[in-house]
Structures are given as structure tokens and as C-alpha cells.
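Undergrad: Okay, sequence plus prediction incoming.
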Amino acid sequence: MILIENVSFSHRDVPILRDINLALPKGGITALVGPNGAGKSSLLSLVARLQPLQSGRISVDGLPVDTTPSRQLAQRLAILRQDGIVASRLTVRELVGFGRFPHHQGRPGAIDLALVDAALEQFDLAPLAGRFMDTLSGGQRQRAMVAMTFCQGTDYLLLDEPLNNLDMFHARQLMQALRRIADEAARTAIIVLHDINQAAAYADRIVAMRDGRVIVDGPPEAALTEENMEAVFGYRIQIEQYAGKPFLLHHL
């Protein structure tokens, strides 16, 4: 479980997060949604210790993120940042292989190599394995970054806007892959999403934020109501039901 207790965070005296309390159990997909500036990415970065805690506590399976050794924490959770930058002359296989580093510390074995191959297959990257990163499209690079994160083999995947640069086909393919990973491997995905309907279709839980606070927390059918979405996004959104799931007509 990821436990977030009384967490607040400011940048240059500007409040970003305000008294966040969440318990995120193992398994399934949790989608963090909300308008720009809501604090979603900041919350994810604090969980992954990319920024220091200023107040409150965060623990992963009982391990405090602010004091646990980096290698130990990296074996529990992996994060894909929005601004992930990689060396252009890495091949896709080399990049994905970096996900295994917390385990082999520079000496990959047969198991590590097999897991890299499995990640390439899982994210439809095997045909691109020998290509250099700077020869790929934005969507292909994004899929390679997600595959590297997955290949780390952690119980928790923290993905900050993983659908960036993906077309409709590959966005759907990625969300389906994450759904399978959650269901079949009992891994946990916590995902920042701007596509609210992808969250509705694939997430088990919606955490909706605004102005650094959690406004709504619950399963999609309970969280995604017209009243809740108006409180989060500031305007009335028509919501219909399709195949038992809410579908937001936010563009109308």
C-alpha cells in the first residue's frame, strides 16, 4: 500500500498541495485527474522521492520514502515522468534494459535479458528494438519509456501522462496493456490522465484534484458525476452511460 498522510507542498511560497490524505492499496489502476495545476504531477513526484517532502508522511509498503535507500525504493516503485529525456543514441532495447538496473547493478543476467524481451513484446516494440531513440516518432519514444518503467519489475508503476504523443490506437493499446498487467500480474498503476474517458474506461479508482486538494475519490461510477466534475473542472459536463461505464461529453 502507498499511504499518503497530511502531505502539503509549496514551490517558492506558492501552495501546490494542501493536506493530501490517500491510501492506495496494491492492485488495480488509480487515475489521477483534474485541471492543469491541480497538483497531480507534484503528488506523483513526492511519492517517487523526486522532490523532498516538506510536511506529512508517505510510505510504500511501510517503507518511508524520505529515508528508505534509493535502491530499495527503486525495487518497489518505478516512475515515468512527463519530461523524461534520454540519450538519442540509445537503442530501444538499451533504453528498456535500463529498467533492470536497480536489480542487476550493471551486470545483467539471463533473467534480466528475458524480461527486457518480454517488455518489448508487451508494448509492441520488438520490431523497433534495434532502432536508435532519435529515429522514433514521439509516440514510439513514449511507448519505449513506458516499457522501461514496466521492465523495472516493481509492484507499483507511477505514470505521469503516459498517453502523451500517442494516437488513438496506441493510447487504447497502452491502456489495455496496463489493464492486463494490473489484472494478471497484480501490479498497481497510478496514472495521471488528461483523457477523462480513458480513466473512466480502464481505472478502478478515480482521484480527482483541483487547486492542490483531493475533491473526489472513488470508483468511476461514483466519482464521475455531473456535480463532481463541475466541482473539479469548473463547468457542467454531460455524462452518458455506455456498457455500464460513464462517458463524459466534455467537448460539448
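TA: In hand now; what should we look at?
Undergrad: C-alpha from now on. contacts and neighbour counts both.
TA: Will do.
Undergrad: Could I get the buried residue list for stretch 128-142?
TA: Across stretch 128-142, burial judged by 16 or more other C-alpha atoms under 10 Å covers 128-129, 131-133, 139-142.
Undergrad: Could you export that stretch as CSV, CA atoms only?
TA: Extracted C-alpha coordinates of stretch 128-142, given in CSV (Å, rounded to 0.1, in the frame of the first residue of the first chain):
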residue,chain,number,x,y,z
LEU,A,128,11.9,-1.4,-33.1
ALA,A,129,14.4,-2.9,-30.7
GLY,A,130,17.5,-2.1,-32.7
ARG,A,131,16.4,1.5,-33.6
PHE,A,132,18.0,4.5,-32.0
MET,A,133,15.7,6.6,-29.9
ASP,A,134,16.3,9.7,-32.1
THR,A,135,14.9,7.9,-35.1
LEU,A,136,11.5,7.2,-33.5
SER,A,137,8.3,9.2,-33.5
GLY,A,138,7.1,10.9,-30.3
GLY,A,139,4.6,8.1,-29.7
GLN,A,140,7.1,5.4,-30.3
ARG,A,141,9.5,7.1,-27.8
GLN,A,142,6.7,7.3,-25.3
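Undergrad: quick check: mean pLDDT across it?
TA: Confidence for stretch 128-142, expressed as mean pLDDT, is 91.
Undergrad: re the thing from before, out of the buried residues of stretch 128-142, which are inside helices?
TA: Residues of these located in helices (DSSP state H): 139-142.
Undergrad: Mind telling me what element the most centrally placed residue in the chain is part of?
TA: By C-alpha atoms, centre = their mean, the chain has its centre lying nearest to Leu159, at 1.9 Å. Using DSSP states H and E, the element containing Leu159 is strand 156-160.
Undergrad: Are there helices or strands packed against that strand, and which ones?
TA: Secondary-structure packing of strand 156-160 (3 or more C-alpha pairs under 8 Å, 6 or more residues apart in numbering; DSSP states H and E): helix 40-47, strand 77-80, helix 138-151, strand 188-192.
Undergrad: partners of it in the sheet?
TA: With DSSP bridges as the test, strand 156-160 is paired with strand 77-80 (parallel), strand 188-192 (parallel).
Undergrad: Next, the angle from that strand to helix 138-151.
TA: When axes from the mean of the first three to the mean of the last three C-alpha atoms, to 10 degrees is applied, the directions of strand 156-160 and helix 138-151 differ by 160 degrees.
Undergrad: right, and the helix or strand after strand 156-160?
TA: Past strand 156-160, the next helix or strand by DSSP H and E is helix 168-185.
Undergrad: Okay, Trp173 and Ile237: tell me how far apart.
TA: Not Trp; residue 173 is Gln. From Gln173 across to Ile237, the span is 26 Å (C-alpha to C-alpha, to the nearest Å).
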